[in-house]
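[1] predicted model, plus sequence, below.
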Amino acid sequence: MGSRATPSDAIASAVAALRAGQVIGLPTETVYGLAADASNPEAVRRIFAIKGRPSTHPVIVHIASMGQVLEWAREFVPAARALAERFWPGPLTLVLPRAASVPLEVTGGQDTVALRVPDHPMALAVLQAFGGGLAAPSANRYGRISPTTAAHVREDLGDEVRIVLDGGPSQVGLESTIVACLDGHVTVLRPGRIGIEAIEAVAGPVTPASLSAPRVPGSVVSHYAPRTPVELVAPAAVADVVSAHHGDGERVAVLAPSSPAGAASVAWIVAASDAETYGRDLYGHLRALDLAGADVIVVARPPDGPAWVAVQDRLTRAAAR
Ligand code: TXA
Ligand code: MG
């Protein structure tokens, strides 16, 4: 996009590209998405090719409003409807029985479809002008950290994606909470900013995720990982762990709630003390630390408690190798 393009020019070009079956970078409030026409199997296959993602992994369909749910799902049960009314537009994805017309490329061959109305003015403008659904996984290469700025998308995929809409930094910063409403059960498949208590307050008791729950490739253990190994340690142990690495001649990058106490490191980021700010900034911080040229990234384990579930989840995966 030329820098003189107005937002409405940018949106018109994006919609034209989507209609032509192309893939674009789309800002949302959670993370940036790699979006294509969800009704066009070839366009959806292009997303998988760019990401390097296995084609059996399903993708989320983004829609402009609740009124479009039944174009994609064959049932919109009351629990799902209540969740959509309360949290859409917002960082909530609903997994519902799919309508017969949904391409297999979107659902990974499953009989369910994941739907979300994003809470971002640019994403909503594109969805409204486009009129249909947009399949969009996070706009990172498979297994890497999700992008929370347009610059992250360009760094990762800039050679292959011509249009990356710049909607500023993502305000939630972690992927949406995924909730399945299937067979009379409400199940949380991926934690996010909207916590289990908030889901239960609207939809009633949540069934624990079990082996019978639908596959969620985002739950592959090694997801969300920087290239540099990540070590999660108790906050009180950070200084000792850093010294031990230095003793071994290793360079260390750190994300911790307090500033360095004399410990020389290639990078030290002071983490926010509230879960929302921590979550918003986490992926950007991990990217910065990953680029610092360290041998290891030491992260102080954040507090326990309901507000921190999504952050703990992503950090645990980042630390798994
Ligand atoms: O916040 C988000 O959800 C972002 C933005 C771009 O909307 N998208 C995102 O997409 O995180 P992705 O592809 O990185 O993760 C989508 C997750 C995957 O773990 C996928 O398995 C799950 O949604 N998913 C999609 N369709 C599903 C289905 N039918 N059943 C179960 N899980 C599904
Ligand atoms: Mg992803």
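    Sure, I can see it. Numbers count the residues shown, from 1 in each chain. Ligands and ions are numbered 1, 2, ... in the order given.
[2] can we go C-alpha only for contacts and neighbour counts from here?
    Fine.
[3] would Trp268 count as being in a strand?
    Yes - counting by DSSP: H, G, I helix; E, B strand; the rest coil, Trp268 is found in a strand.
[4] which residues in the stretch 51-200 of the chain form strands?
    Taking DSSP state E, counting those that start in this stretch as the test, the strands found in the stretch 51-200 of the chain are 60-62, 92-97, 112-116, 134-135, 177-182, 185-190.
[5] quick check: mean pLDDT of the helix ranked longest in the chain?
    Across the chain, the longest stretch assigned as helix under DSSP state H is helix 275-290. Averaging pLDDT along helix 275-290 gives 97.
[6] mind listing what's buried along stretch 302-316?
    Using 16 or more other C-alpha atoms under 10 Å as the test for burial, stretch 302-316 gives 302-303, 307-312, 314-316.
[7] mind checking the end-to-end distance for it?
    With C-alpha to C-alpha, to the nearest Å as the measure, stretch 302-316 spans 11 Å from end to end.
[8] who are the packing partners of the strand or helix carrying Ala239?
    Assessed by DSSP states H and E, Ala239 sits inside helix 238-247. Judged by 3 or more C-alpha pairs under 8 Å, 6 or more residues apart in numbering; DSSP states H and E, the packing partners of helix 238-247 are strand 252-256, strand 296-300.
[9] who are the neighbours in contact with the residue nearest to Arg227 when sequence neighbours are not counted?
    Distance criterion C-alpha to C-alpha, 6 or more residues apart in numbering; nearest residue to Arg227, sequence neighbours excluded, is Asp290 at 6.5 Å. Shown in contact with Asp290 (C-alpha atoms under 8 Å, 6 or more residues apart in numbering): 226-228, 297.
[10] so which of those residues is the most crowded?
    Among those, Ile297 has the most neighbours (other C-alpha atoms under 10 Å), with 27 neighbours.
[11] go ahead and confirm that one touches Val254.
    Yes - using C-alpha atoms under 8 Å, Ile297 is in contact with Val254, at 5.6 Å.
[12] quickly list what's touching both of the two.
    Applying C-alpha under 8 Å, 6+ apart, one finds that Ile297 and Val254 are jointly contacted by Leu289.
[13] re earlier: please convert the helices and strands packed on helix 238-247 to a markdown table, extending it with distance to Gly25.
    Output for the helices and strands packed on helix 238-247, formatted as a markdown table (distance: least, C-alpha to C-alpha, whole Å):
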| stretch | distance to Gly25 |
| --- | --- |
| strand 252-256 | 28 |
| strand 296-300 | 29 |
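[14] highest mean neighbour count across the ones you listed, which stretch is it?
    Mean neighbour count (mean count of other C-alpha atoms under 10 Å) peaks for strand 252-256 among the helices and strands packed on helix 238-247, with a mean of 25.
[15] and that one, how far from the chain's centre?
    Mean-position distance between strand 252-256 and its chain equals 23 Å (C-alpha atoms, centre = their mean, to the nearest Å).
[16] which other helices and strands contact it?
    Where contact means 3+ C-alpha pairs under 8 Å, 6+ apart, strand 252-256 is packed against helix 238-247, strand 267-270, helix 275-290, strand 296-300.
[17] between the ones you listed, which gets nearest to Trp88?
    Of all these, helix 275-290 sits nearest to Trp88, with 18.5 Å by C-alpha to C-alpha.
[18] among the contacts of Asp290, name the ones in helices.
    Among the contacts of Asp290, no member lies in helices (by DSSP H).
[19] just give me the closest of those residues to ligand 1.
    Pro226 (15.4 Å; C-alpha to the nearest ligand atom).
[20] can you tell me the closest non-neighbouring residue to the closest one?
    Nearest non-adjacent residue to Pro226, counting by C-alpha to C-alpha, 6+ apart: Asp290, 5.9 Å away.
[21] could I get the strands of the stretch 51-200 of the chain as a markdown table with mean pLDDT, distance to ligand 1 and mean neighbour count?
    Compiled in a markdown table, those are given as follows (pLDDT from 0 to 100; distance: least, C-alpha to the nearest ligand atom, whole Å; neighbours: other C-alpha atoms under 10 Å):
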| stretch | mean pLDDT | distance to ligand 1 | mean neighbour count |
| --- | --- | --- | --- |
| strand 60-62 | 98 | 5 | 27 |
| strand 92-97 | 98 | 6 | 26 |
| strand 112-116 | 98 | 4 | 26 |
| strand 134-135 | 98 | 9 | 30 |
| strand 177-182 | 97 | 7 | 24 |
| strand 185-190 | 96 | 7 | 21 |
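[22] which residue ranges of the chain form helices?
    According to DSSP H, the helices that the chain contains are 7-19, 41-51, 78-87, 104-107, 121-130, 150-157, 196-203, 238-247, 275-290, 309-319.
[23] now those helices in a markdown table, with distance to Ile269?
    Formatted as a markdown table, those follow (distance: least, C-alpha to C-alpha, whole Å):
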| stretch | distance to Ile269 |
| --- | --- |
| helix 7-19 | 34 |
| helix 41-51 | 29 |
| helix 78-87 | 32 |
| helix 104-107 | 38 |
| helix 121-130 | 30 |
| helix 150-157 | 19 |
| helix 196-203 | 29 |
| helix 238-247 | 13 |
| helix 275-290 | 7 |
| helix 309-319 | 15 |
